[in-house]
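[1] quick check, what structure comes out for this input:
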Amino acid sequence: MATIEANTGSVKRAASNPGFEFLERLGYAVRGVLYVVMGVLALRIALSQPGGHAFDLTASLVFMIGNQYGRVILLVVVVGLAAYSVWGLIRAVFDPLHRGSDPSGYMARLGFLSSALSYGLIVVFGLKILAGAEDASGDGTQKSVTALLDHPAGGALTLGFGLVALGIGVGQFVEAYRAIFQRDLKGAEMGETTRKLVTTLGRFGMFARGVIFVVVGWFIVQAGLNHDPTEVQGFGGAFMFLGSQPFGHVLLGVVALGIIALGLHSLACARWVKLMGSPGAA
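    Numbers count the residues shown, from 1 in each chain. Predicted coordinates for the structure are as follows:
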């Protein structure tokens, strides 16, 4: 028991290191920029601008590095998101933001774990690009489900994966309504107008992300039921699906603006979110 407590203390001290906290805040900023890029690209489609494309986060990353400074940008993204992924693990295991150990608390911490894994995969994706070994084309979600369906129990696994995505979408709607994330901000350092603006951005952004997850989850469920990976759509496909509906340009525009809002909220978190060494976190 003493050894476990000592190791826990060592992890907490390392997580409270100012240098690591800087990298975590960099991760929030990188995450924010990726969401803003994704939302702007989707908004271009809603506005019927030529050359509009709808991307997920990995494809947004590829879009960002398509210039002479691409490798430098990619390195910054990899370092920042790696720290953000570790922060997700810390939030899930040590609960510095006090989500608690009741069912709702465990669900929130499971969400932090899911976030850590998701951004960890983007880090791996970026490292492969740096090594010149990654094919950046195609829908990552569709590739994953195609591989999953090759498993003997692929249909059931894919169905479960889709239900999880639907659950995440519903969870985003709940989070948008309850706005528990307000507790994670250094409210004493924010003016009242700033706090309300950041909260509104977060609520709008989480609602929009919930819409996307519900659409993606529905398509994955259909793929699992029909054992057909071609029915799967990732974030980019979900944007295109929304745009093809009646009044689709309006619907897509609202969701795209929500994704941009989510990115701006993440940029605000880079400044004001509580980390392990912040007052009120433990």
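[2] contacts for stretch 267-280?
    Here stretch 267-280 makes contact (CB atoms under 8 Å, 6 or more residues apart in numbering) with 12, 15-18, 21, 24-26, 28-29, 32-33, 36, 87, 90, 94, 96-97, 184-186, 189-190, 198, 201, 281-282. From N, CA and C alone the C-beta is placed, and that goes for glycine too.
[3] residue ranges with poor pLDDT in the protein?
    For the chain, applying pLDDT under 70 flags the ranges 1-15, 49-54, 134-143, 277-282.
[4] longest helix of the chain?
    In the chain, with assignment by DSSP state H, the single longest helix is helix 192-226.
[5] distance check, the residue nearest the centre of the chain against residue 70.
    Taking CA atoms, centre = their mean, the centroid of the chain lies closest to residue 115, which sits 6.1 Å from it. Going from residue 115 to residue 70 by CB to CB, to the nearest Å gives 25 Å.
[6] also residue 207?
    For residue 207 relative to residue 70 (CB to CB), the value is 33 Å.
[7] please identify the buried residues of the longest helix of the chain?
    Residues 195, 198-199, 201-224 are the ones in helix 192-226 that count as buried (16 or more other CB atoms under 10 Å).
[8] helices along the chain, start to end?
    Listed in chain order, the helices of the chain (DSSP H) span 2-15, 18-46, 57-64, 70-94, 103-130, 140-149, 154-178, 192-226, 235-243, 248-272.
[9] what is the neighbour count of the closest residue to residue 115 other than its chain neighbours?
    Spatially, and ignoring its direct neighbours in sequence, residue 115 is nearest to residue 88 (4.5 Å; CB to CB, 6 or more residues apart in numbering). Burial of residue 88 is recorded as 23 neighbouring residues (other CB atoms under 10 Å).
[10] now the one 5 residues further on
    A count of neighbours around residue 93, defined by other CB under 10 Å, yields 14.
[11] same check, this time on residue 147
    Neighbours of residue 147 using other CB under 10 Å come to 11.
[12] can you tell me how far it is from residue 171?
    26 Å.
[13] likewise residue 103?
    13 Å.
[14] these two: which is more packed in?
    residue 171 (18 against 8).
[15] surely the more buried one and residue 104 touch.
    No: Residue 171 is beyond contact range of residue 104, at 10.1 Å (criterion: CB atoms under 8 Å).
[16] over to residue 65: give its phi and psi.
    phi -100, psi 10 (degrees, to the nearest 10).
[17] contact partners for it?
    By CB under 8 Å, 6+ apart, residue 65 lies in contact with 71, 73, 74, 77, 129.
[18] most neighbours among these, which one is it?
    Among those, residue 77 has the most neighbours (other CB under 10 Å), with 24 neighbours.
[19] skipping its backbone neighbours, what lies nearest that one in space?
    Nearest non-adjacent residue to residue 77, counting by CB to CB, 6+ apart: residue 30, 5.1 Å away.
[20] from residue 28, how far off is residue 145?
    Relative to residue 28, and taking CB to CB, residue 145 is found at 29 Å.
[21] more neighbours: the two, which one.
    Applying other CB under 10 Å to residue 145 and residue 28 shows that residue 145 carries more neighbours, namely 27 against 24.
[22] next, count neighbours for the nearest residue to that one once chain neighbours are set aside.
    Counting by CB to CB, 6+ apart, residue 232 is the residue found nearest to residue 145 once chain neighbours are left out, at 4.6 Å. As a burial measure, residue 232 scores 26 neighbours (other CB under 10 Å).
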